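Peer 1: The following comprises the amino acid sequence and a computationally predicted model.
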Amino acid sequence: MNSTFWVLGAVLLVGLCPAIGQNTAAIARLPQTTREEILARAKTFANHKWTCSAKNLHASCYANYRSDWKDGQVITGIPYNWGGFDSPASFDQKIAKGMAAGSHSRYGVLSCTAGIDCSGFVSYCWGIPLKSHTYTTSNMRDIGGELKSNWFTDLQPGDALDKPGSHVVLFTGYNPDGTFNICEAAGGPARVVCHKTTWSTHKGFIPLQYKGLY
């Protein structure tokens, strides 16, 4: 190897070092968690039972709001709430105060509804405190590194599949029939659910691994 090669190599390393240092520092500040803890948090949302009352069917801040639920209905799963970032405990508190249960993107972000959206759900499962809606589908890569391995075979429970600007889900495992399992806060079922799905329904998604794993 000639001297020119070594000089170029040194220049590249000098240029990379500040970025590497800054990235390492940012990762070090993330809450640390395990895959087991991630899945346990997901189950608390998917298995959370609550009862809808008449006062939870109306949104005080949006006249044209339409609820997904019925008075007296017992539901399993924290409601999907566009822009929401409630934990199970804060959701219960808001429901008890008479706030509306869940909301969809067509209403915009509402201050009088309770629940969680897809990025809030994955963030919470990864251990990010839900003090504000810091991470969305567009910047999940700030806390989740993109996986370069074969994501049809090498994903691990607790990883995520993200489609920036659209949706993010939590991967929980593969199935022998070629399908896979996820947990998600989704508008279709209007709540957090864990279920089997197919690769064809997740075209354009990017596999991510939380940077705070230990």
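Peer 2: In hand now; what should we look at? Numbering: from 1, shown residues only.
Peer 1: And the strands in the protein?
Peer 2: Under the criterion DSSP state E, strands of the chain are mapped to 49-51, 74-76, 100-101, 113-114, 144-146, 160-163, 167-174, 180-186, 191-197, 206-210.
Peer 1: Which other helices and strands does the third one contact?
Peer 2: Applying 3 or more CB pairs under 8 Å, 6 or more residues apart in numbering; DSSP states H and E, one finds that strand 100-101 contacts strand 113-114. C-betas here are computed from N, CA, C, even on glycine.
Peer 1: Now the strand it packs on: average pLDDT?
Peer 2: Averaging pLDDT along strand 113-114 yields 98.
Peer 1: what does that strand contact?
Peer 2: Here strand 113-114 makes contact (CB atoms under 8 Å, 6 or more residues apart in numbering) with 59, 65, 79, 81, 84, 86, 90-91, 94-95, 99-103.
Peer 1: buried subset of those residues?
Peer 2: 59, 65, 79, 81, 84, 86, 91, 94-95, 99-103 (16 or more other CB atoms under 10 Å).
Peer 1: In the protein, which residue is most central in space?
Peer 2: Centroid check for the chain by CA atoms, centre = their mean gives residue 122 as the closest residue, at 2.1 Å.
Peer 1: ok, it - contacts?
Peer 2: Residue 122 neighbours (CB under 8 Å, 6+ apart): 140, 160, 162, 168, 169, 170.
Peer 1: Need the per-residue pLDDT for it.
Peer 2: If you check residue 122, the pLDDT there is 97.
Peer 1: Equivalent analysis for residue 5, please.
Peer 2: Looking at residue 5, its pLDDT reads 31.
Peer 1: now swap in the one 10 residues further on and tell me
Peer 2: Model confidence at residue 15, given as pLDDT, is 33.
Peer 1: ditto for residue 149
Peer 2: 88.
Peer 1: Any chance of the backbone angles for it?
Peer 2: The phi/psi pair for residue 149 (degrees, to the nearest 10) reads phi -80, psi 180.
Peer 1: ok so, going back, columns pLDDT and distance to residue 41 on top of the buried ones among the contacts of strand 113-114, output as JSON lines?
Peer 2: Listed next are those as JSON lines, based on pLDDT from 0 to 100; distance: CB to CB, whole Å:
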{"residue": "59", "pLDDT": "98", "distance to residue 41": "27"}
{"residue": "65", "pLDDT": "98", "distance to residue 41": "29"}
{"residue": "79", "pLDDT": "98", "distance to residue 41": "17"}
{"residue": "81", "pLDDT": "98", "distance to residue 41": "17"}
{"residue": "84", "pLDDT": "95", "distance to residue 41": "16"}
{"residue": "86", "pLDDT": "95", "distance to residue 41": "13"}
{"residue": "91", "pLDDT": "98", "distance to residue 41": "14"}
{"residue": "94", "pLDDT": "98", "distance to residue 41": "19"}
{"residue": "95", "pLDDT": "98", "distance to residue 41": "20"}
{"residue": "99", "pLDDT": "98", "distance to residue 41": "23"}
{"residue": "100", "pLDDT": "98", "distance to residue 41": "24"}
{"residue": "101", "pLDDT": "98", "distance to residue 41": "21"}
{"residue": "102", "pLDDT": "98", "distance to residue 41": "19"}
{"residue": "103", "pLDDT": "98", "distance to residue 41": "22"}
